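> What follows is a predicted protein model with its sequence.
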Amino acid sequence: MINNTLAVGIQGIQDGMVGMENAARKIARAGADGPQGTAEGAGSLVEPIIDLKIYERSVEASAQVVKTADETLGTLLDIMA
């Protein structure tokens with residue numbers, strides 16, 4: 001059960017990192033390709049910036065899952081020792 005929890009947490013971290021990389025690419029592309037200093041150029045950045053923040057929170061939550069599973073496993077090993 002704990003192995004499954006660890007796997008889910010690690011997969012969440014990996015998925016979040018991929019999402020962050022994609023959002024960062026969109027931000028970089030919008031800065032290079034979009035009209036500079038216009039509302040249209042700024043509007044194209046809103047969604048990827050929000051996505052970046054969402055993926056950041058996802059990675060943080062998944063890291064907490066991994067940390068909790070690790071602590072639980074440590075506790076179980078201490079009890080069995």
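Here it is on my side, so go on.
> ok, and for the strand or helix carrying Ala30, which residues are buried?
Here Ala30, judged by DSSP states H and E, is contained in helix 2-33. By 16 or more other Cβ atoms under 10 Å, the buried positions in helix 2-33 come out as 5-6, 9, 12-13, 16, 19-20, 23, 26-27, 30. Where C-beta positions appear, they are placed from N, C-alpha and C, glycine not excepted.
> next helix or strand past that helix?
Using DSSP H and E, the first helix or strand after helix 2-33 is helix 39-80.
> by contact count, what packs against that following helix?
The contact analysis (3 or more Cβ pairs under 8 Å, 6 or more residues apart in numbering; DSSP states H and E) places helix 39-80 against helix 2-33.
> before we move on, the earlier item: ok, of the buried residues of helix 2-33, which one's closest to Lys67?
Gly9 (8.2 Å; Cβ to Cβ).
> Could you find the closest non-adjacent residue to Leu6?
Excluding the flanking residues, the one nearest Leu6 by Cβ to Cβ, 6 or more residues apart in numbering is Ala69, at 4.8 Å.
> do you know how far the closest residue to Pro48 other than its chain neighbours is from Leu73?
Distances taken as Cβ to Cβ, 6+ apart place Lys26 nearest to Pro48, at 3.8 Å, with adjacent residues excluded. Note on Lys26: its distance to Leu73, by Cβ to Cβ, to the nearest Å, is 38 Å.
> cool, Ser62 as well?
When Ser62 is compared with Leu73 (using Cβ to Cβ), they lie 17 Å apart.
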